[in-house]
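Colleague: Kindly return the folded structure for what I paste below:
(2 chains)
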Number of protein chains: 2
Amino acid sequence: MLKEWSKGTKPDGEELDRRLEEARAQLAARQTVIKEKKLPVLVILEGWGAAGKGSVLGRVIRNMDPRFFKVDVGKEPTEDEQRRPFLYRHFVKIPEAGKFSFLVGSWMKEVTKGLVQGELDEKAYNNRLASIKCFERQLTDNGYLVLKFFFHIDEKEQKKRLEELLEDKHTKWRVSEADLSQNRNYKKWEKAYDGYMEQTNQSSAPWYLIDSKNKKWAELQMLEFMVRGIDTALMNQSQAVPLLQNHFPLKTIPKLSEISLKDKVLEEKEYREELKICQKRLSELHNELYHKKLPVIIAYEGWDAAGKGGNIKRIAAALDPRGYEVHPIASPEPHEKARHYLWRFWNRLPKDGHIAIFDRTWYGRVMVERLEGFCSENDWQRAYNEINEFEKELADWGAVVIKFWVQIDKDTQLERFTLRQNTPEKRWKITDEDWRNREKWDLYEEAVNEMLQKTNTAYAPWHVLESNDKKYARVKALKTVIAAIEEKL
Amino acid sequence: MLKEWSKGTKPDGEELDRRLEEARAQLAARQTVIKEKKLPVLVILEGWGAAGKGSVLGRVIRNMDPRFFKVDVGKEPTEDEQRRPFLYRHFVKIPEAGKFSFLVGSWMKEVTKGLVQGELDEKAYNNRLASIKCFERQLTDNGYLVLKFFFHIDEKEQKKRLEELLEDKHTKWRVSEADLSQNRNYKKWEKAYDGYMEQTNQSSAPWYLIDSKNKKWAELQMLEFMVRGIDTALMNQSQAVPLLQNHFPLKTIPKLSEISLKDKVLEEKEYREELKICQKRLSELHNELYHKKLPVIIAYEGWDAAGKGGNIKRIAAALDPRGYEVHPIASPEPHEKARHYLWRFWNRLPKDGHIAIFDRTWYGRVMVERLEGFCSENDWQRAYNEINEFEKELADWGAVVIKFWVQIDKDTQLERFTLRQNTPEKRWKITDEDWRNREKWDLYEEAVNEMLQKTNTAYAPWHVLESNDKKYARVKALKTVIAAIEEKL
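Modeller: Got it, this is the predicted structure:
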């Protein structure tokens, strides 16, 4: 892109000032609209060392209300971040609806550096690129505006700037060895930048090259691109996003109605024995996976009163409390609702060597959010693929991903609801909402069936736990978790 | 404490099992009550290496619902955490109402280690202790139950256990050089532990020593202490907390009615000139404080429509966007409301070398929360001292703390409200709530006066910005910030 790029023409003095003034006013005016229309805007600033990203950004935001934006500077990943999936530290920083996030140095910086310095081989680099494209597309598909700027200066100009900075004792400290090395290896970096931008130049999130030789001119380019980008995004906001075809191989899975619950029982004595053996084994495995830094993610979905809580407890009882966490998932809080629906799950991913158990999950998107109309049809239709992508990230990171559907029949649910209603210390477990959901049993069953069919991937398969007899379901859950971990180890 | 401690008597086999069963059932039953009564419970596990903290905790939580607790293991502070106040990483982890947090190794571990290894001199150590006592007291005063356990084994027993662990190749990796060194220096550590516990043994958060020679017995002690502690806390929940006298020297400050707004104006030309000079100077200082790792916290409070936003914008315009953040503070979200009211501000503290600007602040406790009855009288009365303590932590950490009250008169507010109402692009800035608050002007004025008097400390003084003329207020704000930073540098 850098080579065949035809730069815009820098207007001369008066014209430049006039357009600057106009563009500044336009951006200032867009802020209120963005707030009103709840558009989240992610602005990425990449480019050569000493190209002036920071100072141009300083000018751009001078006319913005500081309550409406955040600025983040791309740093080396911390030790904690290195123990999570590559995208984790980027995903958790996405802006909320109605606000701007400026990232000075983003994932591009991270992976091009990895490539140039030989820390990423070609395969690893290409995997990263695939993750990034998917990430950016998921953002724009879910209503984000992603603006990507590359600040360009040529080799000579960079050299001149670095030398000037080095000469002044107040600015000397700002020149790092990395900057100098980049200038010495300009051609190599140019190739890396160029290749990266070629591959990630998607129509929903295109690259804007900024001729950065002159600060005022760079500011004008950035302002004008931003205003244009915002206007386009606002215009498109109400449009449905095309559905991508699922591109992950799926395994067949029976419908709920085909699952027999009848013979799935366990006598008390057998249960006690099996439970003990399984918990002992899981406990050993936990020790081992901690040691080998294997992350494990266990996701629970199922009917109300199917016995999720008790089931989770039997898993947890076998684990070292310092190495796992249970995440009960309720309806999202305002700051969660204001972001991509997967954001709160990215935020709760475990470190490697740790286990995260989700009591209800991201599948809410295609169940309750679908049925209660909390998102559009296009949103939940798109979600099957997005969720497959999300779980693929987890699996590629090395995680064992286990998904449980805890199944009971309608009569059993009624029995348990009634018991809860009539037992004072269990009454908090049952709410009017549970009864309302029960009335929609058939609709839910249809949604669950569709969900199971469309997200039963080889790398993150569903397991049905027949739970009319809770004891049977608990032992089956333990055995499933054990088998999955053993296979991976 | 360790020496004069009279251990309880371990019951023999059958009796032990019976009491264990009873205590387990009691703790399980308490969970629902805690949830219902919204009691947050923080459980700290400290003690000798190899004393069995982890495995006893594993037993204790086996009977708990994993959705109601979190376990955290005390680690060395990360680089990022080292750039915040000492208590930061601990405060951000406090549990929410109705849940348990277990900390295996807490601030005690951190500071006793610092003392024994000579990283903290006596003065620094004593400062840490003062912070810790204040922190724990603030938690219990604000309705937290803090349970502190120390797992004790003697020198010989520790040696035996470490040797046993070393002999088995599966457990060998669990013995660190630090554990071995602790056993070699048992006496020195004993003195440090003892001194720490003596000093932090407050009646609202006492230490419980656990005789940890036998696992079952240790579990029983912990369970019984927990149940007793919970019952006491529940009983005391409705009681008002005694008010501590403010022990920070206060400077006098005039009442709002004594502040003249009349002559506080700036002509356009003078304003332009001053603004330019001040912003240039602040920009230089920002560079310097980034370099010298000085943290700066700027807090804005003031009447609605007093011009806080525009004022902040003039400060922000002088700053490098990578080195500051503006935090607009609205009413707390559910997860924030479920914790100590200062939690969301601890969470937003800057790293050293960075500037945090708060658009509305922790003073909401003694203004809107007081006047709208969102907390009890005892709560807001207590808050003056708690806030002084909070700001003292910040100042002791090395931060420049600047607090602005942006002052206008009632007529000016009416003018600005009316203008906002009549200007389409400003209308979002005015809500019914603003009008309702205006009706309570006199009540607010009284609350503000009390707040200014009671929190005008030398280390975090208030500055009134006379803002009938916004230009005057902006320049004064800039000059105040500049002077405060210059003084510190």
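Colleague: For the stretch 301-450 of chain A, which residues are neighbours of chain B?
Modeller: Within reach of chain B by CB under 8 Å from any CB of the partner chain, the stretch 301-450 of chain A has these residues: A:309, A:312-313, A:316-317, A:319-322, A:325-326, A:328, A:333-335, A:357, A:359, A:425, A:428. Every C-beta, even on glycine, is put in place using the N, C-alpha and C of the backbone.
Colleague: Just the buried subset of the residues you listed, written out for ChimeraX, thanks.
Modeller: The buried residues among these can be selected in ChimeraX (16 or more other CB atoms under 10 Å in any protein chain shown) with this line:
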select /A:309,312,313,316,317,319,320,321,322,325,326,328,357,359
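Colleague: mind listing which of the residues of the stretch 301-450 of chain A next to chain B are in helices?
Modeller: A:309, A:312-313, A:316, A:334-335 (DSSP state H).
Colleague: Phi, psi for A:F390 please.
Modeller: With angles defined as degrees, to the nearest 10, A:F390 sits at phi -60, psi -50.
Colleague: If we ignore the residues flanking it in sequence, what's nearest it?
Modeller: A:L342 (5.7 Å; CB to CB, 6 or more residues apart in numbering or on different chains).
Colleague: do A:K470 as well
Modeller: A:G307 (4.4 Å).
Colleague: pretty sure that neighbour is touching A:S467, no?
Modeller: Yes. A:G307 is in contact with A:S467 according to CB atoms under 8 Å; the separation is 4.8 Å.
Colleague: what's the overlap in contacts for these two?
Modeller: A:406, A:408, A:473 (CB atoms under 8 Å, 6 or more residues apart in numbering or on different chains).
Colleague: From those, pick the one nearest B:N378.
Modeller: A:V406 (45.6 Å; CB to CB).
Colleague: ok, now which ones touch the spatially closest residue to that closest one that is not a sequence neighbour?
Modeller: Counting by CB to CB, 6+ apart, the nearest residue to A:V406 once its immediate chain neighbours are dropped is A:G302, at 2.8 Å. Going by CB under 8 Å, 6+ apart, A:G302 touches A:308, A:404-408, A:465, A:467.
Colleague: Packing partners of the helix or strand containing A:E136?
Modeller: Following DSSP states H and E, one finds A:E136 within helix A:122-141. Packing contacts for helix A:122-141, counted by 3 or more CB pairs under 8 Å, 6 or more residues apart in numbering or on different chains; DSSP states H and E, involve helix A:107-116, strand A:145-152, helix A:186-199, helix A:377-397.
Colleague: where does A:T431 land on pLDDT?
Modeller: If you check A:T431, the pLDDT there is 88.
Colleague: how close does it get to chain B?
Modeller: 14 Å (CB to the nearest CB, to the nearest Å).
Colleague: Equivalent analysis for A:F102, please.
Modeller: From A:F102 to chain B the distance is 7 Å (CB to the nearest CB).
Colleague: does that residue count as helix, strand or coil?
Modeller: With DSSP: H, G, I helix; E, B strand; the rest coil as the basis, A:F102 sits in strand.
Colleague: and if you look at A:L42?
Modeller: From three-state DSSP, the assignment for A:L42 is strand.
Colleague: That one contacts A:G143, correct?
Modeller: No. Contact criterion CB under 8 Å: A:L42 and A:G143 do not qualify, at 11.3 Å.
Colleague: hmm, the strand or helix carrying A:L162 in reach of chain B?
Modeller: Assigned by DSSP H and E, A:L162 belongs to helix A:155-167. No. Under the criterion of CB under 8 Å from any CB, helix A:155-167 makes no contact with chain B; the nearest approach is 12.8 Å.
Colleague: Would you map the strands across the stretch 301-450 of chain A?
Modeller: A:324-328, A:355-359, A:400-407 (DSSP state E, counting those that start in this stretch).
Colleague: I'd like those as TSV, with mean pLDDT appended.
Modeller: Listed next are the strands of the stretch 301-450 of chain A as TSV, based on pLDDT from 0 to 100:
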stretch	mean pLDDT
strand A:324-328	93
strand A:355-359	97
strand A:400-407	98
